[in-house]
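>>> Predicted model follows, preceded by the sequence.
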Amino acid sequence: MRRLQDPGPPPTVTPCGCVKPTLETGNLLTEPIGYLESCFTAKNGTPRQPSICSHSRACLRIRKSIFNNPEHSLMGLEQFSHVWILFVFHKNGHLSYKAKVQPPRLNGAKTGVFSTRSPHRPNAIGLTLAKLEKVEGGAIYLSGIDMIHGTPVLDIKPYIADYDSPQNLMAPLRDFNMQNNQHKPKTVSQTYGKTNCCDQQQLSGYVAPQLYQSTKEKPTCPEDRTSEENYLKHNDTAKIQQPFSKHRERAADLGVKLRSHQSLNVAEEQMGPHGLEKTPLEEGTEKRPASREGALIVQGNSVEMQPMPPPCPARTRKADSIVPAWMREAPTAPLEVRFTPHAEMDLWQLSSDPGQAAFRYFQSTEEAKCAIEAVLSADPRSVYRRKLCQDRLFYFTVDTAHVTCWFGDGFAEVLRIKLAPEPVHTT
Ligand SMILES: C[S@@+](CC[C@H](N)C(=O)[O-])C[C@H]1O[C@@H](n2cnc3c(N)ncnc32)[C@H](O)[C@@H]1O
């Protein structure tokens, strides 16, 4: 069999043999939009994921070399609560990556790099969902981050739950499988080989081995639902029905005579609450009519009924995301975090010394303490250190605090907190 060629044009090679970076070839010459100012100065002690330490803080100033008026590029972003940050793992050392890696949660076992969030990957690009605290001029202030000071940031995108969370998408093919195959993992041919009305959903839907479901399995039949689910469903429907009345009016404005209540429902479904498009959130949340006569197609000012394709049985419930069990089960339980009286005093002194500004990022001593607790509770040590290293002392810096602690069985104890040296600024 002939080997499939890589899609896309061949890379443009210059006389010196270098590959010319062009969008066409996917060779992108990136330019950081800014360098992160973060409360974490080094990799050691930086949380492995943003969810670990909600008190961690950072600031990103958009560079003037990217936009003359950086504040223009941030216009409207303040209306979002969370943002995706795309960045470069610039402190990976020499660029090296392997097909299989050992994520801390696998406790030494290996898995494919693309099934992990390992920093060591072909393009050394990181992706963090951070809370947007505020937008000020050409700068954004973030919390809940896992990047170190000086991290080059490539892009910011608003987090939009309807687009970014499978819980807000309609159930993909998986629902069929649950009914027919009892969670049988899909193979590529199973997924892409079919040509029914749901192919589009299959392609856009999340297709993953059915190893572990991150949220509790929801029953597919309305009668199987708990009262709480029924309540939620009822509320969803109520929310959706409100904008539908607008479509009723709009259909009437357009001079459409609807034959029955049923066909109106179909028309409304097709139109969605914002006009002609249907948002993922609405799909499956309202009741389907028993028989589907057709859809209202609006073209310019004319509206006509068109026959509908057969209904897709998967559209009955929302999709959940699935992750393998090892992702959810941490190799160690959260550690208890203690502060020696000495460390407590250090922290208090650090934040109350009149001769110096207390913290650059944290807004209070309590916040600093919470951040230290969160970092240690998640056990920031590498698997090697945790399992094999006799030396149980551990140091890390967060904001202006240089923390010394040690680990015992099931706990971490903070021994000293000193003023950290100023982090090096990247321009
Ligand atoms: C496991 S990665 C996850 C990053 C991101 N949330 C993701 O999923 O792509 C987080 C770790 O990367 C390391 N790190 C953070 N910023 C870095 C940088 N600029 N260069 C290299 N390593 C970095 C820190 O050790 C941190 O604990």
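It's in.

>>> all helices of the chain, in order?
70-73, 161-164, 174-180, 188-192, 199-204, 227-253, 261-271, 325-328, 341-352, 365-377, 383-388 (DSSP state H).

>>> packing partners for the second one?
Spelled out, that is helix 161-164. If contacts are counted by 3 or more C-beta pairs under 8 Å, 6 or more residues apart in numbering; DSSP states H and E, helix 161-164 sits against no helix or strand. Glycine gets a C-beta too; all of them are placed from N, C-alpha and C.

>>> Please write out the alpha-carbon positions of that helix in PDB.
Only the C-alpha atoms of helix 161-164 are listed here, as PDB (Å, rounded to 0.1, in the frame of the first residue of the first chain):
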ATOM      1  CA  ALA A 161     -17.100  27.400  28.200                       C
ATOM      2  CA  ASP A 162     -19.500  26.800  25.300                       C
ATOM      3  CA  TYR A 163     -16.600  26.200  23.000                       C
ATOM      4  CA  ASP A 164     -13.900  24.900  25.300                       C
END
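
>>> What's the mean pLDDT across that helix?
Averaging pLDDT along helix 161-164 yields 94.

>>> again with the third one
Here helix 174-180 scores 48 as its mean pLDDT.

>>> and the chain, which residues reach the ligand?
43, 46-50, 89-92, 117, 119, 126-128, 146-148, 151 (C-beta under 6 Å from any ligand atom).

>>> are any of those buried, and which?
Among the residues of the chain next to the ligand, the ones that count as buried by 16 or more other C-beta atoms under 10 Å are 46-48, 50, 89-90, 92, 117, 119, 126, 128, 146-148, 151.

>>> Out of those residues, which two sit at the greatest distance?
50 and 92 (18.6 Å; C-beta to C-beta).

>>> Residue 51 contacts residue 144, doesn't it?
Yes. At 6.9 Å, residue 51 counts as touching residue 144 under the criterion of C-beta atoms under 8 Å.

>>> So which of those two has more stuff around it?
Using other C-beta atoms under 10 Å as the criterion, residue 51 and residue 144 rank with residue 144 on top: 22 against 13.

>>> so how far is residue 115 from the residue of the stretch 201-350 of the chain found nearest the ligand?
Going by C-beta to the nearest ligand atom, the ligand is nearest to residue 327 of the stretch 201-350 of the chain, at 11.9 Å. Using C-beta to C-beta, to the nearest Å, residue 327 is found at 9 Å from residue 115.

>>> which residues touch residue 142?
Counting by C-beta atoms under 8 Å, 6 or more residues apart in numbering, residue 142 makes contact with 57, 58, 59, 60, 83, 85, 130, 131, 132, 133.

>>> Including pLDDT and neighbour count, could those go into TSV?
Formatted as TSV, those follow (pLDDT from 0 to 100; neighbours: other C-beta atoms under 10 Å):
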residue	pLDDT	neighbour count
57	97	27
58	98	26
59	98	18
60	98	27
83	98	20
85	98	25
130	98	25
131	98	17
132	98	21
133	98	15
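
>>> ok, so of the residues you listed, who is nearest residue 140?
For these, the minimum distance to residue 140 (C-beta to C-beta) is 5.2 Å, reached by residue 60.

>>> Keep only those of the contacts of residue 142 that are in strands.
Using DSSP state E, the subset of the contacts of residue 142 located in strands is 57, 58, 59, 60, 83, 85, 130, 131, 132, 133.

>>> Name the nearest of those relative to residue 405.
residue 57 (20.9 Å).

>>> Count residues in the vicinity of the residue nearest to the closest one when sequence neighbours are not counted, would you?
Excluding its sequence neighbours, the residue lying closest to residue 57 (C-beta to C-beta, 6 or more residues apart in numbering) is residue 361, at 3.9 Å. Neighbour count for residue 361, taken as other C-beta under 10 Å: 23.

>>> again, but for residue 351
Residue 351: 21 neighbours (other C-beta under 10 Å).

>>> try residue 395
Other residues close to residue 395 by other C-beta under 10 Å number 14.

>>> before we move on, what about residue 399?
The local packing of residue 399 (other C-beta under 10 Å) involves 24 other residues.

>>> Give me the pLDDT for it.
With respect to pLDDT, residue 399 scores 95.

>>> hang on, isn't it packed against residue 365?
No. Using C-beta under 8 Å, residue 399 is not in contact with residue 365, being 11.0 Å away.

>>> Show me the shaky parts of the stretch 201-350 of the chain.
Scanning the stretch 201-350 of the chain for pLDDT under 70 picks out the ranges 201-319.

>>> just the stretch 1-150 of the chain next, same as before
Judged by pLDDT under 70, the stretches of the stretch 1-150 of the chain that qualify are 1-14, 18-21.

>>> Which stretches in it count as strands?
34-35, 37-38, 57-61, 82-88, 100-101, 111-112, 125-136, 139-143 (DSSP state E, counting those that start in this stretch).

>>> looking at the ones you listed, which is closest to residue 394?
strand 37-38 (19.4 Å).

>>> what's in contact with that closest one?
56-61, 145, 147-151, 361, 425.

>>> try stretch 91-104
Residues contacting stretch 91-104 (C-beta under 8 Å, 6+ apart): 43, 48, 108-113, 116-122, 124, 148, 150, 331, 382-383.

>>> And the buried ones among these, selectable in PyMOL?
Remark: buried members of the contacts of stretch 91-104, expressed as a PyMOL selection using 16+ other C-beta under 10 Å:
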select buried, resi 48+111+113+116+117+118+119+121+124+148+150+331+383
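
>>> count of neighbours near residue 38?
24.

>>> Just give the closest residue to residue 39, not the sequence neighbours.
residue 361 (3.9 Å).

>>> Would you confirm that the one you found contacts residue 41?
No. Using C-beta under 8 Å, residue 361 makes no contact with residue 41, being 10.9 Å away.

>>> ok so, going back, look up how far residue 44 lies from the residue nearest to residue 39.
Taking C-beta to C-beta, one finds residue 361 at 17 Å from residue 44.

>>> And for residue 342?
Residue 342 is 22 Å from residue 44, by C-beta to C-beta.

>>> okay, the two: which has more neighbours?
residue 44 (15 against 12).

>>> contacting residues around that one?
Taking C-beta under 8 Å, 6+ apart, one finds 380, 394, 395, 396 in contact with residue 44.

>>> Tell me the buried residues within these.
For the contacts of residue 44, buried by 16+ other C-beta under 10 Å: 380, 394, 396.
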